[in-house]
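In: Sequence first, predicted model second:
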Amino acid sequence: MYVPAHFAPDDADVQELLARHRAADLITVGPEGLEATMLPLLYDREQGTLLGHFARNNDHWRRADGQPCLVIVRGPDSYISPGWYASKAEHGRVVPTWNYVTAHVHGHVRIHDDVDWLASLVRRLTDAHEAGRPAPWRVDEAPERFIAGQLRAIVGVEVRIERIEAKFKLSQNRPAADVDGVVAGLRAVGDAPGADAVAAHRP
């Protein structure tokens with residue numbers, strides 16, 4: 001990944017991105033070339049893993065087991081209009097760009113076809129996504145036989161993290177007045193996540 005120094009995040013920023021419980025693209029190379037599946041993944045920092053599950057009918061898991069992989073994790077991304085820059089009025093030498101937060105996680109895939117492993121994962125994933133809701137839904141609220149059937153329809157995936165490359169391109173290379181313009185512009189178009197990310201990482 002090409003990461004200019006001003007867009008290089010610190011480790012705390014990367015850890016926060018991975019811990020946000022978002023879906024990510026799991027990419028492997030199989031006999032027929034590149035394969036990708038978007039999966040909700042849970043970051044286990046202590047174990048250095050990303051955990052999730054495939055639909056059993058998705059044959060990607062059969063070809064992925066034991067293979068090297070790339071997981072693309074994304075944070076906010078936004079179009080940045082040059083009209084938001086204060087420097088536009090000063091000299092006009094401005095162009096559009098795109099702000100984004102991303103991490104490329106490199107590792108190897110391990111498949112888990114064990115009901116107890118899957119049951120534990122599904123509970124952890126559900127609890128992570130339901131956290132903060134006024135009335136969080138719990139797996140045990142569904143009938144036991146129904147959940148057992150659902151678990152048979154999925155296959156677990158574990159990515160052992162070997163290397164992480166990350167880039168937080170959030171207008172850090174712009175003058176302070178331009179950064180202020182970007183934050184205001186993003187808020188004006190209703191992009192609060194993008195605005196908050198730029199504001200949090202201003203130089």
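Out: Looks like it came in fine. Because the structure is predicted, anything quoted here is derived from the model rather than measured.

In: which parts of stretch 117-129 are buried?
Out: Going by neighbour count (16 or more other C-beta atoms under 10 Å), the buried part of stretch 117-129 is Leu118, Ala119, Leu121, Val122, Leu125. Yep, even glycine has a C-beta here, placed from its N, CA and C like the rest.

In: how about the nearest residue to the second one, chain neighbours excluded?
Out: Excluding the flanking residues, the one nearest Ala119 by C-beta to C-beta, 6 or more residues apart in numbering is Leu151, at 6.0 Å.

In: Let me see the contact set for that neighbour.
Out: When contacts are counted by C-beta atoms under 8 Å, 6 or more residues apart in numbering, Leu151 touches Val115, Leu118, Ala119, Val122.

In: What of Leu51?
Out: Residues in contact with Leu51 (C-beta under 8 Å, 6+ apart) are Leu41, Leu42, Tyr43, Asp44, Leu121, Arg124, Leu125, Gly156, Val157, Glu158, Val159.

In: Show the buried residues in the residues you listed.
Out: The neighbour count (16+ other C-beta under 10 Å) marks Leu41, Leu42, Tyr43, Leu121, Leu125, Gly156, Val157, Glu158, Val159 as buried among the contacts of Leu51.

In: Looking at these, which one is closest to Cys69?
Out: Checking the buried ones among the contacts of Leu51 against Cys69 by C-beta to C-beta gives Val159 as the nearest, at 6.0 Å.

In: Check which element follows the strand or helix carrying that closest one along the chain.
Out: Using DSSP states H and E, Val159 sits within strand 154-169. Downstream of strand 154-169, the next assigned helix or strand under DSSP H and E is helix 176-188.

In: circling back to that earlier point, and the contacts of Leu151 as JSON lines, adding distance to Thr37, secondary structure and pLDDT?
Out: As requested, these are arranged in JSON lines below (distance: C-beta to C-beta, whole Å; DSSP: H, G, I helix; E, B strand; the rest coil; pLDDT from 0 to 100):
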{"residue": "Val115", "distance to Thr37": "21", "secondary structure": "helix", "pLDDT": "95"}
{"residue": "Leu118", "distance to Thr37": "17", "secondary structure": "helix", "pLDDT": "97"}
{"residue": "Ala119", "distance to Thr37": "21", "secondary structure": "helix", "pLDDT": "97"}
{"residue": "Val122", "distance to Thr37": "17", "secondary structure": "helix", "pLDDT": "96"}
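
In: Could you dump the residues you listed into TSV and include distance to Val71?
Out: Formatted as TSV, the contacts of Leu151 follow (distance: C-beta to C-beta, whole Å):
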residue	distance to Val71
Val115	25
Leu118	19
Ala119	23
Val122	19
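
In: Return the member of those residues nearest to Ala192.
Out: Val122 (30.7 Å).

In: Show the contacting residues for the closest residue to the closest one other than its chain neighbours.
Out: Spatial nearest neighbour of Val122, excluding adjacent residues (C-beta to C-beta, 6+ apart): Val139 at 6.1 Å. Going by C-beta under 8 Å, 6+ apart, Val139 touches Val122, Arg123, Thr126, Ile147.

In: Check whether the first one really touches Gly52, as I assumed.
Out: In this case it means Val122. No - with contact defined as C-beta atoms under 8 Å, Val122 does not count as touching Gly52 (10.2 Å).
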